[in-house]
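*Asks:* here is a sequence with its predicted model. Questions after.
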Amino acid sequence: MEDTSLIVIVTYNSGNFIEDCLASIAEQDYRNWQLVIVDNDSSDDTVQRIRHFRNQTTAFNADNFKLTTLRKNIGFARAVNHAVFESTGVGSGRKKEKDSAGFDYLILLNPDICLLPGALKNLTGTFEDDGRSGKNVGACGGLILEYDKDVVQHLSGKLTPNFITYHDGAGMSLSDIDGGKLDNNISVTAEAAYRTREDIHEADYVTGAFFATRFSLFTGAGGFDRGYRPVYFEELDYCLKLKEAGWQIASNMRARCRHFEGASVKKFSSRFYRHYHKNRIRCAIINLDALEFIRFFIPAELRWLIRKATKDQALPILYAYFINMLLLLYNLGVKINNYFILNKIELK
């Protein structure tokens with residue numbers, strides 16, 4: 001029997017994409033899932049399109065599909081937590097076993113994701129204990145292509161010392177990957193941790209747009225840190241927790257999808273930079289100790305500001321510094337709490 005997954009999609013004004021996303025789920029050969037959609041108070045026709053699609057297909061029914069509509073936008077992290085802890089009955093106050101909902105894995109999909117054939121089966125297959133590395137994988141992602149062309153958007157997430165993120169493999173042609181030229185184009189070496197498992201490689205983190213983790217780990221960690229509001233860095237923070245606890249983060253090139261990046265927040269807009277830098281600095285404060293912050297983050301940040309930061313980022317960066325200074329004591333409290341979380345999710 002296949003392992004069971006909870007699929008969570010958080011929508012916000014996603015009417016242009018959500019039907020294609022749902023159709024791609026319905027067409028998967030992996031079907032042992034339940035789908036929960038949380039709508040963050042969309043002002044367009046997202047909810048109507050979801051309901052219309054639900055009524056037009058036999059793939060979704062009362063047993064495997066649930067739509068929750070919120071009256072305000074609570075952000076991505078809180079919406080995912082709502083789906084996991086409220087919609088499934090694994091509420092923190094109910095004192096149930098962490099896996100009592102019967103799920104093995106949690107899968108997160110952006111509403112602007114379109115799964116390719118076999119994506120879900122390959123994604124969950126990354127966790128399989130085949131006598132090699134699968135049993136130690138805590139979270140994984142896959143190969144994300146541009147929405148309308150065979151060009152890589154994201155293969156795995158990489159992190160600089162000052163927590164600037166970038167997509168490894170971005171811009172590569174799909175033919176290069178399938179033609180065996182992968183190791184010459186992305187930062188995966190022959191000594192990679194996953195060299196014994198074909199097509200699976202180690203990552204610093206994987207994007208929440210196409211993401212899977214062990215359900216018990218997610219609930220054990222208390223879900224995503226809600227302080228990363230409204231969006232960005234919640235999945236990176238979660239991956240860093242898993243790695244600190246001894247788990248591995250993987251990217252599986254055979255789990256594939258297409259993604260219209262920036263559908264909810266236009267990439268490289270002022271709003272994007274404001275959220276990105278605020279949460280970037282918060283993530284560094286919470287996950288680095290004082291010595292690491294002084295020795296690595298600050299020098300890297302100064303070099304980045306001098307050499308790479310663009311003028312349109314000036315105000316968002318100043319805002320990010322200011323708000324994180326204001327919330328420093330709160331974030332240090334979160335850092336202390338994370339110590340106890342790590343004890344719960346430590347790899348045994």
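*Replies:* Perfect, thanks for sending it. If you're wondering where the values come from, they're calculated on a predicted model, not measured in any experiment.

*Asks:* would you mark the buried spots in stretch 312-320?
*Replies:* Gln313, Pro316, Ile317, Ala320 (16 or more other CB atoms under 10 Å). Using the backbone N, CA and C atoms, a C-beta is placed for each residue, glycine as well.

*Asks:* middle-most residue in the chain, spatially?
*Replies:* Residue closest to the mean C-alpha point of the chain, counted by CA atoms, centre = their mean, is Gly208 at 1.6 Å.

*Asks:* hang on, the earlier thing: between the buried residues of stretch 312-320, which sits nearest Asp150?
*Replies:* Gln313 (31.3 Å; CB to CB).

*Asks:* that closest one: what's it in contact with?
*Replies:* Tyr273, His277 (CB atoms under 8 Å, 6 or more residues apart in numbering).

*Asks:* rerun that using 10 Å as the cut-off
*Replies:* Phe268, Ser270, Phe272, Tyr273, Arg274, Tyr276, His277, Leu305, Ala320 (CB atoms under 10 Å, 6 or more residues apart in numbering).

*Asks:* next, the buried residues of stretch 241-258.
*Replies:* Judged by neighbour count using 16+ other CB under 10 Å, the buried positions of stretch 241-258 are 241-243, 245, 247-258.

*Asks:* helices of the stretch 201-348 of the chain, residue ranges please.
*Replies:* 215-220, 234-244, 270-287, 290-292, 298-307, 314-326, 328-345 (DSSP state H, counting those that start in this stretch).

*Asks:* nearest to Gly157, of these?
*Replies:* Closest among the helices of the stretch 201-348 of the chain, using CB to CB: helix 234-244, at 6.8 Å.

*Asks:* ok so, going back, just put the buried residues of stretch 312-320 in a markdown table and tack on pLDDT and distance to Leu291.
*Replies:* Putting the buried residues of stretch 312-320 into a markdown table (pLDDT from 0 to 100; distance: CB to CB, whole Å) gives the following:
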| residue | pLDDT | distance to Leu291 |
| --- | --- | --- |
| Gln313 | 96 | 27 |
| Pro316 | 96 | 28 |
| Ile317 | 97 | 24 |
| Ala320 | 97 | 22 |
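
*Asks:* just these now: which is nearest Thr57?
*Replies:* Among these, and counting by CB to CB, the member closest to Thr57 is Pro316, at 41.8 Å.

*Asks:* what's the pLDDT at the closest residue to that closest one other than its chain neighbours?
*Replies:* Take Pro316 and drop its neighbours on the chain: the residue closest to it by CB to CB, 6 or more residues apart in numbering is Tyr273, 3.8 Å away. pLDDT for Tyr273: 96.

*Asks:* neighbours of Tyr273, just the number please.
*Replies:* As a burial measure, Tyr273 scores 22 neighbours (other CB atoms under 10 Å).

*Asks:* show me the contacts for Ala139.
*Replies:* 105-106, 108, 126-127, 203, 205-206, 208, 211-214, 217-218, 235, 238-239, 241-243, 247-250.

*Asks:* which stretches of the protein form strands?
*Replies:* 5-11, 33-39, 65-69, 105-109, 113-115, 137-146, 152-154, 156-159, 165-168, 200-202, 210-214, 248-259 (DSSP state E).

*Asks:* out of those strands, which is closest to Glu292?
*Replies:* Of all the strands of the chain, it is strand 156-159 that lies closest to Glu292, at 12.8 Å by CB to CB.

*Asks:* where does the stretch 51-200 of the chain dip in pLDDT?
*Replies:* By pLDDT under 70, the weakly predicted segments of the stretch 51-200 of the chain are 91-100, 129-134, 180-198.

*Asks:* now do the helices in it.
*Replies:* Using DSSP H, counting those that start in this stretch, helices in the stretch 51-200 of the chain cover 76-81, 119-125, 174-178.

*Asks:* now the farthest one out in the protein, which residue is it?
*Replies:* Distance to centre of the chain, CA atoms, centre = their mean, peaks at Ile306 (30.0 Å).

*Asks:* so how far is Leu288 from it?
*Replies:* Going from Ile306 to Leu288 by CB to CB, to the nearest Å gives 21 Å.

*Asks:* same check, this time on Tyr330
*Replies:* Here Tyr330 is placed at a distance of 17 Å from Leu288 (CB to CB).

*Asks:* show me which of these two is the more surrounded one.
*Replies:* Neighbours were counted for Tyr330 and for Leu288 using other CB under 10 Å; Leu288 has more, 18 against 12.

*Asks:* how near is the nearest residue to the more buried one once chain neighbours are set aside to Ile286?
*Replies:* Computed as CB to CB, 6+ apart, the closest residue to Leu288 that is not its neighbour in sequence is Phe297, at 6.0 Å. Separation of Phe297 from Ile286 (CB to CB) stands at 12 Å.
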